[in-house]
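Novice: the following block contains a protein sequence and its predicted model.
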Amino acid sequence: MTVTLTASVGLRAANRPDDVQQVHQLLNRIPRHLGGTPRPALPESGNYSVNTLVAIKRFQWRLFPQRQTPVDGVISPTGSTLREMNRLSTGQAPIRPRPAGTRGRDIPLYLTEMWQLI
């Protein structure tokens with residue numbers, strides 16, 4: 001299932017409930033080692049929260065190690081973040097993600113601290 005958004009989701013974005021719900025569903029379907037949501041899963045309520053922002057940034061950080069896509073916490077309807085989320089949620093092979101063992105060393109501190117709040 002390919003998801004299309006009507007507006008951006010994330011930091012300072014429109015965050016329309018239908019779009020937020022679709023982003024939650026995508027993040028919950030993507031395996032954790034590929035940047036998907038850790039358990040417990042994001043509630044698929046359509047409500048944007050700090051948990052949504054952290055999940056988006058974590059996904060971007062994990063999947064775009066060369067920074068060809070900025071870790072900005074925003075998923076635009078035509079951007080590479082949504083394109084990769086759609087690919088991974090359908091079981092296609094990822095682009096080259098960060099190695100799984102880099103969590104404590106390379107993830108920016110603010111992301112690891114925010115995950116502890118969730």
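Specialist: Arrived safely, thanks for sending.

Novice: and the strands in this protein?
Specialist: 9-10, 74-75 (DSSP state E).

Novice: spit out the contact partners of V71.
Specialist: 57, 60-61, 64 (C-beta atoms under 8 Å, 6 or more residues apart in numbering). Just so you know, the C-beta spots here come from the backbone N, C-alpha and C atoms, and that holds for glycine as well.

Novice: one more pass at 10 Å, please.
Specialist: 56-64, 81, 108, 111 (C-beta atoms under 10 Å, 6 or more residues apart in numbering).

Novice: report how many residues lie close to the residue lying closest to M85 once chain neighbours are set aside.
Specialist: By the measure of C-beta to C-beta, 6 or more residues apart in numbering, the closest residue to M85 outside its immediate chain neighbours is L26, 4.6 Å from it. Using other C-beta atoms under 10 Å, L26 is surrounded by 25 other residues.

Novice: just to check, N15 is in contact with T6?
Specialist: No. Between N15 and T6 there is no contact under C-beta atoms under 10 Å: 11.2 Å.

Novice: most centrally placed residue in the protein?
Specialist: I56 (3.0 Å; C-alpha atoms, centre = their mean).

Novice: select, out of the strands of the chain, the one closest to R87.
Specialist: Nearest to R87, of all the strands of the chain, is strand 74-75, at 13.6 Å by C-beta to C-beta.

Novice: within the sheet, what are the partner strands of that closest one, with directions?
Specialist: When sheet partners are counted by DSSP bridges, strand 74-75 sits next to strand 9-10 (antiparallel).

Novice: now do the strand it pairs with: everything it contacts.
Specialist: Contacts of strand 9-10 (C-beta under 10 Å, 6+ apart): 15-16, 19-24, 48, 52-53, 55-57, 60, 72-77, 81-82.

Novice: could you give me the average pLDDT of that strand?
Specialist: Averaging pLDDT along strand 9-10 gives 97.
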